[in-house]
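Undergrad: have a look at this prediction, sequence included:
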Amino acid sequence: MTIRILPPTGITSRPVPSRVLMGPGPSDMHPRVVAALGRPAIGHLDPAFVEMMEEIKILLRYAFQTENALTFAVSGPGSVGMETCFVNLVEPGDKVIVCRNGVFGGRMIENVQRFGGTAVIVEDTWGEPVDPQKVADALNANPDTKAVAFVHAETSTGAQSDAAALVRLARDKGCLSIVDTVTSLGGTPVLVDAWGADAIYSGSQKCLSCVPGLAPVTFSERAVERLKARRQKVPSWFMDLGLVLEYWSAPGGKRTYHHTAPVNSLFALHESLVMLKDEGLENAWARHRLHHEALKAGFDVLGLKFLVREDARLPQLNAVYVPAGVDEAAVRKQLLDRFSLEIGAGLGPLAGKVWRFGLMGHSARADNVKLCLGALAKVLAGMGLAVDGDAAIAAAQRIYIDTVR
Ligand SMILES: *Cc1c(COP(=O)(O)O)cnc(C)c1O
């Protein structure tokens, strides 16, 4: 036997540059999470692993503030969490109201349509929260609606919508709610039971500061009933919750193989959820808000204006307008090349118009905020703008000092 494709030359193990991640995700992983990820793998049916999975479910119920039995982590990124909710709950012919005020609402529409549903689209301007009045009007105009879907924290713009109000509207009409909390979980309040929400998904790499590739998901009893009452098989074998749950929560503990769980990623998720529990949700929310306030104080000095109005602003995702005449991509490139600092670009209609500064999980730290303000000011000054980085850092520092009681 002769091989015809020769070994490639010049490729060896690679060092990875060390970055400060202040974009829309992933966020910096905490060293404890990195250490957990690096533990030797064990079997996905090993009793020690099964015990850890049970703890992940308990920890996720705390993070989501829910008693839902069906709470676990889907093996896949946030997008697979999204798709898991839609593929299990939408059947051909179902009408679903989908709110679009950014990129991710658009992906929800795709999901509904690909699974044979009809999407009734409620549009809001990018940068605005979802308008509950428009959702109420859409529900009145479409009494046969089966579900209402929306993004709680729109990462493409930094706007947070009123999840409690939107879920209530859906419930009052007997509709399920499908809620994207990828960027909110661990950063701003996600109160699944208090909202009365039905199918909620999130992601591991935003405010949980875990490795990318896991999607916490929780389903209410009503959502489970809808799933059981399906007329047709779930059209995805991998995401069919009826099958996945024979591994994640078989009655009587008799788990069977469905797919090989990403065991190391789940070690990491367990660690990040333990850290969130030890910090306490309220403290985690307050920490995100504090660093947002500090960053904002610095941005005010630099003359940068926020895209989103103050009462709908996500502390963990700060979208600000690019100053007139500045080449936004060149700024991001310099921040990465000179300061190893990653920030995000604008998407869709906001491409070229805004930058997105993430303060998610372990990235939300005072040293990051000050590095970011100083580095950004230096890059902008180099492009001829009259900005004072020292004053911006001092303004951020003042917020930190004033917060100490
Ligand atoms: C990041 C994100 C997703 C997708 O998560 P991936 O892990 O990239 O698949 C979905 N929704 C929102 C709001 C997000 O911010």
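TA: Cool, got the structure.
Undergrad: residue 70 contacts residue 222, correct?
TA: No: here residue 70 does not reach residue 222: they are 11.1 Å apart, not a contact under CB atoms under 8 Å. (C-beta placed from N, C-alpha, C; glycine too.)
Undergrad: can I assume residue 311 sits in a helix?
TA: Yes: under DSSP: H, G, I helix; E, B strand; the rest coil, residue 311 falls within a helix.
Undergrad: can you count the residues close to it?
TA: By other CB atoms under 10 Å, 7 other residues sit near residue 311.
Undergrad: do residue 211 as well
TA: By the criterion of other CB under 10 Å, residue 211 has 22 neighbours.
Undergrad: for it, what are phi and psi?
TA: Torsion angles at residue 211 (phi, psi; degrees, to the nearest 10) stand at phi -70, psi 140.
Undergrad: tell me how far it lies from residue 334.
TA: Per CB to CB, to the nearest Å, residue 211 is found 28 Å from residue 334.
Undergrad: cool, and residue 182?
TA: 29 Å.
Undergrad: which of the two has more neighbours?
TA: More crowded of residue 182 and residue 334, by other CB under 10 Å: residue 182, with 27 against 19.
Undergrad: surely that one is in contact with residue 202?
TA: Yes: assessed by CB under 8 Å, residue 182 is found in contact with residue 202 at 5.2 Å.
Undergrad: common neighbours of the two, please.
TA: 78, 81, 215 (CB atoms under 8 Å, 6 or more residues apart in numbering).
Undergrad: so which of the residues you listed are also by the ligand?
TA: For the ligand, the contacts drawn from the shared contacts of residue 182 and residue 202 by CB under 6 Å from any ligand atom are residue 78.
Undergrad: so which of the shared contacts of residue 182 and residue 202 wins on neighbours?
TA: That'd be residue 78 among the shared contacts of residue 182 and residue 202, by other CB under 10 Å, with 27 neighbours.
Undergrad: which ones are touching that residue?
TA: 180, 182, 201, 202, 203, 204, 205, 206, 215.
Undergrad: packing partners of the helix or strand bottoming out on mean pLDDT in the chain?
TA: Taking mean pLDDT, DSSP states H and E as the measure, the chain has helix 241-248 as its least confident helix or strand, at a mean of 91. Packing partners of helix 241-248 (3 or more CB pairs under 8 Å, 6 or more residues apart in numbering; DSSP states H and E): strand 70-75.
Undergrad: residue of this protein nearest the ligand, please.
TA: residue 78 (2.4 Å; CB to the nearest ligand atom).
Undergrad: now that residue, nearest residue through space, not along the chain?
TA: Excluding the flanking residues, the one nearest residue 78 by CB to CB, 6 or more residues apart in numbering is residue 203, at 3.2 Å.
Undergrad: what does the model give residue 199 for pLDDT?
TA: Per-residue confidence at residue 199 stands at 98 (pLDDT).
Undergrad: if we can go back for a sec, pull the residues that contact the least confident helix or strand of the chain.
TA: Helix 241-248 has contacts (CB under 8 Å, 6+ apart) with 44, 53, 57, 70, 72, 74, 84, 88, 219, 227, 234, 237-238, 255-259, 261.
Undergrad: again, but for stretch 365-374
TA: Here stretch 365-374 has contacts from 20, 22, 28, 291, 294-295, 298-299, 302, 339, 341, 343, 357, 359, 389-390, 392-393, 396-397, 400, using CB under 8 Å, 6+ apart.
Undergrad: picking that back up, narrow the contacts of helix 241-248 to those in strands?
TA: Counted as lying in strands by DSSP state E, out of these, are 70, 72, 74, 219.
Undergrad: make a markdown table out of those residues and add pLDDT and neighbour count.
TA: Shown next, in a markdown table, are the ones in strands among the contacts of helix 241-248 (pLDDT from 0 to 100; neighbours: other CB atoms under 10 Å):
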| residue | pLDDT | neighbour count |
| --- | --- | --- |
| 70 | 96 | 19 |
| 72 | 97 | 24 |
| 74 | 98 | 25 |
| 219 | 98 | 30 |
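Undergrad: what's the closest of the residues you listed to residue 327?
TA: Nearest to residue 327 among those is residue 74, at 39.4 Å by CB to CB.
Undergrad: can you name the residues bridging to that closest one?
TA: Beta-bridge pairing of residue 74 under DSSP bridges involves residue 215.
Undergrad: pretty sure it is touching residue 84, no?
TA: Yes: at 5.1 Å, residue 74 counts as touching residue 84 under the criterion of CB under 8 Å.
Undergrad: thinking again about what came up before, show me which of the contacts of stretch 365-374 are buried.
TA: 20, 22, 28, 291, 294-295, 298-299, 302, 339, 341, 343, 357, 359, 389, 392-393, 396-397, 400 (16 or more other CB atoms under 10 Å).
Undergrad: would you mind naming what in the chain lies close to the ligand?
TA: Counting by CB under 6 Å from any ligand atom, the chain sits next to the ligand at 25, 77-79, 82, 104, 151, 155, 180, 182-183, 203, 212.
Undergrad: run the last query once more with 5 Å
TA: 77, 78, 79, 104, 155, 180, 182, 183, 203 (CB under 5 Å from any ligand atom).
Undergrad: of these, which belong to helices?
TA: The members of the residues of the chain next to the ligand that map onto helices under DSSP state H are 78, 79, 104.
Undergrad: TSV for the residues you listed, including pLDDT and distance to residue 63?
TA: Shown next, in TSV, are those (pLDDT from 0 to 100; distance: CB to CB, whole Å):
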residue	pLDDT	distance to residue 63
78	98	15
79	98	20
104	98	20
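Undergrad: so how many other residues sit close to the spatially closest residue to residue 32 that is not a sequence neighbour?
TA: Spatially, and ignoring its direct neighbours in sequence, residue 32 is nearest to residue 271 (5.5 Å; CB to CB, 6+ apart). By other CB under 10 Å, the residues close to residue 271 number 20.
Undergrad: what about residue 271, helix or strand, and which?
TA: helix 263-279 (DSSP states H and E).
Undergrad: may I see the buried residues of that helix?
TA: Result for helix 263-279 [16+ other CB under 10 Å]: buried residues 263-276.
Undergrad: can you tell me what sits against it?
TA: 29-30, 32-39, 41-44, 49, 52-53, 55-56, 59-60, 62-63, 73, 186, 204, 208-211, 213-214, 216, 284, 287, 361.
Undergrad: for the helix or strand following it, what is the distance to the chain centroid?
TA: Using DSSP H and E, the helix or strand that directly follows helix 263-279 along the chain is helix 281-302. Here helix 281-302 is found 18 Å from its chain centre; the criterion is CA atoms, centre = their mean, to the nearest Å.
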